[in-house]
Each structure stands twice: as structure tokens, then as C-alpha cells.
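Asker: just to be clear, the model below is a prediction. Sequence and coordinates:
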Amino acid sequence: MRTPLTPDEEARFHVVMTELVEQKLGEHGTFRITADTEEDRARWQEVARRVGERSGHSIVSYSNGRTIMITSPERVGVIEE
């Protein structure tokens with residue numbers, strides 16, 4: 001069982017990961033990462049929401065229960081290798 005993040009760690013996660021996802025979306029158009037717990041999926045969905053707010057663009061996230069993908073609606077269904 002994982003140790004829950006403290007409120008400060010949670011806040012830092014959102015700031016740092018929002019910047020990372022913005023960078024990766026600019027470079028590759030999609031960002032995919034393992035998110036195999038409900039907590040992980042909720043964190044990454046919040047990151048996707050923040051990226052959309054900061055960029056002013058529609059950003060979507062979807063999960064298959066093991067990974068989560070963050071992308072723009074136009075790229076849904078596009079496979080990245």
C-alpha cells in the first residue's frame with residue numbers, strides 16, 4: 001500500500017506535473033502514464049484540467065484502468081509509438 005501524499009506534496013505534484021504535461025503535449029501531442037489506482041487517475045485528471053485551463057485549449061484524459069492518456073480531442077484514437 002502506498003503512503004498518501006501530504007497536502008504540500010499534492011500541491012507540488014500538480015504544479016510540476018502540469019508543467020511536464022504541457023511540455024509533452026507540445027512535443028508529442030499526447031502524454032501517457034501508468035495510473036493504476038483511483039487516486040492516481042484522479043491526480044492526472046486534475047493535471048489535465050489544469051493544462052486545459054492554462055492553455056485555453058480543450059484537453060481530455062481517458063484511462064483503461066492501468067494507464068491514463070492526456071491529449072486534445074482531435075488526437076483521440078491516434079496511436080503514438
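Answerer: Right, received. Where do you want to start?
Asker: what about Asp40, which SS state?
Answerer: helix (DSSP: H, G, I helix; E, B strand; the rest coil).
Asker: longest helix in the chain, please.
Answerer: helix 7-28 (DSSP state H).
Asker: now do the helix or strand that that one is followed by against helix 7-28, angle only.
Answerer: For helix 7-28, the succeeding helix or strand toward the C-terminus, using DSSP states H and E, is strand 30-34. Interaxial angle of strand 30-34 relative to helix 7-28 (axes from the mean of the first three to the mean of the last three CA atoms, to 10 degrees): 140 degrees.
Asker: outside of strand 30-34, which residues touch it?
Answerer: 20-21, 24-25, 40, 44, 66-71, 75, 78, 80 (CB atoms under 8 Å, 6 or more residues apart in numbering). Just so you know, the C-beta spots here come from the backbone N, C-alpha and C atoms, and that holds for glycine as well.
Asker: spatially central residue for this structure, please.
Answerer: Most central in the chain under CA atoms, centre = their mean is Trp44, positioned 3.8 Å from the mean C-alpha point.
Asker: that residue contacts Met69, correct?
Answerer: No - the pair Trp44 / Met69 is not scored as a contact, 9.3 Å apart, by CB atoms under 8 Å.
Asker: now for this protein, the helix or strand with the poorest mean pLDDT.
Answerer: Taking mean pLDDT, DSSP states H and E as the measure, the chain has strand 60-63 as its least confident helix or strand, at a mean of 94.
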